[in-house]
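Enquirer: Provided below for reference: sequence and predicted model.
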Amino acid sequence: MKYLKKYTNADYYKNGEFQQDVAIEAMKDMFAYYGVPFTELMAKDIWVTDFRLGDFEHVGMGGIFWVNDPEYKYFAHAIYLLPDQMIPEHAHVATNFPAKHESWMVEKGWVYNFSEIGDETPEAPTIAASHGPIKSKNYMIQKVGDVLRLKELGTYHFMMAGPEGAVVSEWACYHDNDGLRFTNPIAAL
């Protein structure tokens with residue numbers, strides 16, 4: 001039996017306001033299905049965002065930064081994506097720190113891993129209208145245990161979970177929010 005979507009935007013928004021507590025409950029439901037322990041550290045540091053797009057069901061994510069160290073310039077992150085949910089398309093550019101280079105391994109579920117590098121892949125999943133146009137038209141399906149890395153520094157990319165959601169480990173150099181660039185200007189606010 002596969003994990004199935006249980007929450008919709010009707011659950012995530014009340015009077016137009018994003019309900020982070022409901023989003024975290026949705027994540028915890030997925031963790032329970034996949035046997036991911038919800039630790040004290042996760043309870044303290046987990047975060048969820050709809051990137052101000054008002055469509056957490058389709059565009060958003062949860063996560064936890066295990067480490068983000070500017071001194072030693074390394075980063076470890078867990079990405080939590082509910083079924084069919086995408087991270088907004090983005091790139092990382094150099095600031096006082098180098099452009100973020102990253103690698104990902106799927107732990108649970110699977111994702112479409114999109115990049116602007118490469119030819120357009122046919123039969124792409126539908127991108128949520130709330131996100132708007134994308135530059136990344138090449139994708140690979142990344143399954144449990146698959147490790148992929150950013151194809152080229154500074155390029156646009158994003159992930160979208162398959163219909164079972166996904167838990168993804170990410171390793172990278174230091175994540176400097178000043179270097180984060182979104183295609184959708186609302187997500188960049």
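Expert: Received it, and whenever you're ready, just let me know what you need.
Enquirer: how near is residue 83 to residue 99?
Expert: 31 Å (Cβ to Cβ, to the nearest Å). (C-beta placed from N, C-alpha, C; glycine too.)
Enquirer: Who has more neighbours out of these two?
Expert: residue 83 (21 against 17; other Cβ atoms under 10 Å).
Enquirer: and that one, that one's in a helix?
Expert: No. Assessed with DSSP: H, G, I helix; E, B strand; the rest coil, residue 83 is coil; it does not lie in a helix.
Enquirer: isn't it right up against residue 160?
Expert: No. Between residue 83 and residue 160 there is no contact under Cβ atoms under 8 Å: 10.2 Å.
Enquirer: Which parts of stretch 37-50 count as buried, going by neighbours?
Expert: For stretch 37-50, burial by neighbour count (16 or more other Cβ atoms under 10 Å) applies to 42, 46, 48-50.
Enquirer: starting at the chain centroid, how far to that stretch?
Expert: Distance of stretch 37-50 from the chain centroid (Cα atoms, centre = their mean, to the nearest Å) equals 15 Å.
Enquirer: what does the average pLDDT come to for that stretch?
Expert: Here stretch 37-50 scores 97 as its mean pLDDT.
Enquirer: That one: end-to-end distance?
Expert: 24 Å (Cα to Cα, to the nearest Å).
Enquirer: For that stretch, which outside residues touch it?
Expert: With contact meaning Cβ atoms under 8 Å, 6 or more residues apart in numbering, stretch 37-50 is reached by 12, 18, 20, 23-24, 27-28, 31-32, 56, 59-65, 80.
Enquirer: Could you give the average pLDDT over stretch 134-153?
Expert: For stretch 134-153, the mean confidence score works out to 98.
Enquirer: buried residues in it?
Expert: Quick answer for stretch 134-153 (16+ other Cβ under 10 Å): 134, 136, 138-139, 142, 148, 150.
Enquirer: to the chain's geometric centre, what's the distance from it?
Expert: Here stretch 134-153 is found 12 Å from its chain centre; the criterion is Cα atoms, centre = their mean.
Enquirer: Now tell me what touches that stretch from outside.
Expert: For stretch 134-153, the surrounding residues in contact (Cβ under 8 Å, 6+ apart) are 89, 92, 98-99, 101-121, 124, 127, 156-159, 162, 183.
Enquirer: Noted, bye for now.
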